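>>> fold the following for me, if possible:
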Amino acid sequence: MTLKYAGILTILAPLVSGTALHATPTIVCGAAFGAQFNLEPDTHAVPQQLEAVDFIPNRIGPSEDLVVGGAYDFRGTGLGSPAPKGVIWDGSVSGYYVHRSATSDCSPQFEGGLPPIVSNGTTYLGNGGVAIAADPRRDAFFAADLRFGSTDDVSAVGLLRVSSANLLNSTLCPNGTHTAAQSRSCWEATPGVVLDPNPPGEVIATLDYPSVVVDERATGSGVGAGDVYVAFEKFNVTTGGITLIACTNATLSCSAPLIISNTSPEFGSLDANLQVRPGGDITVTYVDMNAAPSDTIHFVICKPKGAPMAPVCSAPTVVANESQALGFAIYDSLSGLNMEVFTAARHADRLESDGKTVTSFVVWDRCQTEYLDIPEDSVCLNAQVVMSASSDGGTTWSAPVPVNSDPGHQFFPWISTDVSTGTVNIVYYNTSPDVFHKRIAVSLNQIAAGSTTVGAPIAITSTPAPWDADPTQNPFALGFDYHFGMKARGTGTAGNSRVYTSFTSTADRRAIYGTSQLPEQNNNLQELTY
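Residues are numbered from 1 along each chain as shown. Below you'll find the model as predicted:
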């Protein structure tokens, strides 16, 4: 067995000792603000937002990872340099970015727009909302994204699979910014599929971004091992709700859509987030938007049946009734920031040292302090990320506790368990490093194995940057960045666990607009080792 595959297999073994293995956390890709994770030229650059990321540790070599990111890339709209619409991106705003260098940095070697998917005579173009999931056991990556259909409406979710061998093949996936033909060459060895497309003539479309996850157990080790799951919010008058679909790993043969939410709130069920437990059970969180300013955070457990059969799911349980949810203001929901933020829930599962108990952690953002004019036109003076935990299958949940009690705003949380050590990692945007609480940094907190206590903040970026510095877009109208991405994996050895965080930043370069050099929004990548 080669060293890289030894590392791949080691990260799949759950922690059973109950002892976290830690080295001092080290920032790899520039402590100030990470590294630009795209190859866009400086001239008339346009934003990248809504990031996602996953990786296979040691796939290139010792401590050299294969990293795949995704983002909503405005180059797909035909804006920016160097090419007009259709020449480079082929109308896709579903950007992908790949680090395959034999150097431990955060540089991408190639990028592109996810290719179109043709289904039943209709061509579906990428419309962003990219989610990425790695499968170290089968040495592959999956990308799920929103898709345009025959109209300009978002009308489906797409799912693509690419092997690591393809990503490392410089003929199939050459360095640089991919043309449409190169994108197809890179991603289409396994034909992509369209999931649950809207019926012909249906105007209302998929409203929320997909989540994708792989059951990383060895093939044949249990029902559902290797299966791929996609969840998303589908708004339809008769069949709407949080939708879950199970697909086979190698061929993307998928189940019929299963609606797992059980309510029809006034403003819909949103923000589906997926995980797979070590034994193969699928867990889902989502948010019901009720009358302002109230949300309900839900949790669902599903039993795999083996794709292409759909899982069987329990009734949703309530994690929390959030009475001060974000996102109901007509104008800015966060004071000092020119952006709209909606309460979003993410979760992670951790197998405990007894080898049986699974603890689920849910994080979400809320408004700690509101300024109320009227409920529909409020401003949040202090957004806060909170966490709740359950060790009884979601029947009962602990009282929410703040992840970070510092002044300013904390929002857009993401959470991931490093199964090799049992360490739970939580990241989020944080304005507390800025004295005016306007510029944004990225912070991380860890929960040690066997504990439910949140540790002290760690600076993923140390230099706060303004969110609304990009001159090419009105960030209030188009700059909403409902999430960014993070994934933690390791080998079980101290110093060999990694956290990759992919986020929007305006700090790392000045793009050229006419005769001016101005900051603009990039998808940045940061690596933390511990």
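>>> leaving out chain neighbours, which residue sits closest to residue 436?
Sequence neighbours aside, residue 336 is the residue nearest to residue 436 in space, at 6.8 Å (criterion: CB to CB, 6 or more residues apart in numbering). (Glycine included, C-beta is placed from N, CA and C.)
>>> number of residues surrounding that neighbour?
For residue 336, the count of nearby residues is 16 (other CB atoms under 10 Å).
>>> also residue 315?
For residue 315, using other CB under 10 Å, the count is 10.
>>> that one: what's it in contact with?
Residues near residue 315 by CB atoms under 8 Å, 6 or more residues apart in numbering: 262, 300.
>>> can we see that at 7 Å?
residue 262 (CB atoms under 7 Å, 6 or more residues apart in numbering).
>>> doesn't it lie inside a strand?
No - counting by DSSP: H, G, I helix; E, B strand; the rest coil, residue 315 is not found in a strand; it is coil.
>>> quick check: it vs residue 231, distance?
16 Å (CB to CB, to the nearest Å).
>>> all helices of this protein, in order?
3-10, 164-167, 180-187, 475-478 (DSSP state H).
>>> what comes up buried for the third one?
By neighbour count with 16 or more other CB atoms under 10 Å, helix 180-187 contains the buried residues 180, 182, 183, 184, 185, 186, 187.
>>> dump the residues you listed to a markdown table, plus pLDDT and distance to residue 99.
Shown next, in a markdown table, are these (pLDDT from 0 to 100; distance: CB to CB, whole Å):
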| residue | pLDDT | distance to residue 99 |
| --- | --- | --- |
| 180 | 90 | 22 |
| 182 | 94 | 17 |
| 183 | 95 | 17 |
| 184 | 95 | 21 |
| 185 | 96 | 19 |
| 186 | 97 | 14 |
| 187 | 97 | 17 |
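>>> any chance of the residues you listed in JSON lines, plus distance to residue 60?
What follows is these, written out as JSON lines (distance: CB to CB, whole Å):
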{"residue": "180", "distance to residue 60": "27"}
{"residue": "182", "distance to residue 60": "21"}
{"residue": "183", "distance to residue 60": "22"}
{"residue": "184", "distance to residue 60": "24"}
{"residue": "185", "distance to residue 60": "21"}
{"residue": "186", "distance to residue 60": "17"}
{"residue": "187", "distance to residue 60": "20"}
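>>> between those, which is nearest residue 389?
In terms of CB to CB, no member of the buried residues of helix 180-187 lies closer to residue 389 than residue 187, at 37.8 Å.
>>> ok, residue 39 touching residue 177?
Yes - between residue 39 and residue 177 there is a contact at 5.3 Å, judged by CB atoms under 7 Å.
>>> find residues that contact each of the two.
Common neighbours of residue 39 and residue 177 (CB under 7 Å, 6+ apart) are residue 111.
>>> between the two, point out the one with more neighbours.
Neighbour comparison, residue 39 and residue 177: the larger count goes to residue 177, with 21 against 16 (by other CB under 10 Å).
>>> beta partners for the residue nearest to residue 412 when sequence neighbours are not counted?
What sits nearest to residue 412 in space, not counting adjacent residues and going by CB to CB, 6+ apart, is residue 429, at 4.9 Å. Counting by DSSP bridges, residue 429 is bridged to residue 411, residue 442.
>>> residue 429 reaches residue 440, doesn't it?
Yes - Residue 429 is within contact range of residue 440, at 4.9 Å (criterion: CB under 7 Å).
>>> burial measure for residue 435, as a count.
Neighbours of residue 435 using other CB under 10 Å come to 11.
>>> from residue 423, how far off is it?
Distance from residue 435 to residue 423, by CB to CB: 31 Å.
>>> and what of residue 492?
In terms of CB to CB, residue 492 sits 11 Å off from residue 423.
>>> which of those two has more neighbours?
residue 423 (25 against 18).
>>> what's near enough to touch that one?
Residue 423 neighbours (CB under 7 Å, 6+ apart): 20, 446, 448, 449, 497.
>>> need the per-residue pLDDT for residue 237.
Looking at residue 237, its pLDDT is 51.
>>> which regions of the stretch 101-250 of the chain sit below the pLDDT cut-off?
Within the stretch 101-250 of the chain, the stretches with pLDDT under 70 are 150-154, 199-207, 236-239.
>>> in it, which spans are strands?
110-113, 117-119, 122-126, 131-135, 140-148, 154-163, 176-177, 190-195, 211-214, 228-234, 241-247 (DSSP state E, counting those that start in this stretch).
>>> cool, the stretch 301-450 of the chain as well?
Under DSSP E, counting those that start in this stretch, the stretch 301-450 of the chain gives strands at 312-313, 317-322, 345-351, 358-371, 379-390, 401-402, 410-418, 423-430, 441-447.
>>> deepest-packed of the ones you listed, please.
strand 423-430 (a mean of 28; mean count of other CB atoms under 10 Å).
>>> figure out how far it is from the centre of its chain.
13 Å (CA atoms, centre = their mean, to the nearest Å).
>>> check stretch 414-430 too.
Centroid separation between stretch 414-430 and its chain, computed with CA atoms, centre = their mean, is 13 Å.
>>> how about stretch 434-449?
18 Å.
>>> average model confidence for that stretch?
Averaging pLDDT along stretch 434-449 yields 95.
>>> these two touch, right, residue 197 and residue 157?
No - counting by CB under 7 Å, residue 197 does not reach residue 157; the two are 8.6 Å apart.
>>> more neighbours: which of these two?
Per other CB under 10 Å, whichever of residue 197 and residue 157 has more neighbours is residue 157, with 30 against 20.
>>> identify the bridge partners of the more buried one.
Those that pair with residue 157 in a beta bridge, by DSSP bridges, are residue 146, residue 195.
>>> who touches it in this structure?
Contacts for residue 157 (CB under 7 Å, 6+ apart) come out as 144, 146, 147, 195, 196, 206, 210, 230, 232.
>>> run the last query once more with 8 Å
Contacts of residue 157 by CB under 8 Å, 6+ apart are 144, 145, 146, 147, 194, 195, 196, 206, 210, 230, 232.
>>> re the thing from before, what's the closest of the strands of the stretch 101-250 of the chain to residue 505?
strand 110-113 (16.8 Å).
>>> show me what the closest one is packed up against.
Contact here means 3 or more CB pairs under 8 Å, 6 or more residues apart in numbering; DSSP states H and E; on that basis strand 110-113 packs against strand 94-99, strand 176-177, helix 180-187.
>>> in JSON lines, list these along with distance to residue 325.
Output for these, formatted as JSON lines (distance: least, CB to CB, whole Å):
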{"stretch": "strand 94-99", "distance to residue 325": "29"}
{"stretch": "strand 176-177", "distance to residue 325": "40"}
{"stretch": "helix 180-187", "distance to residue 325": "37"}
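>>> all set now, cheers.
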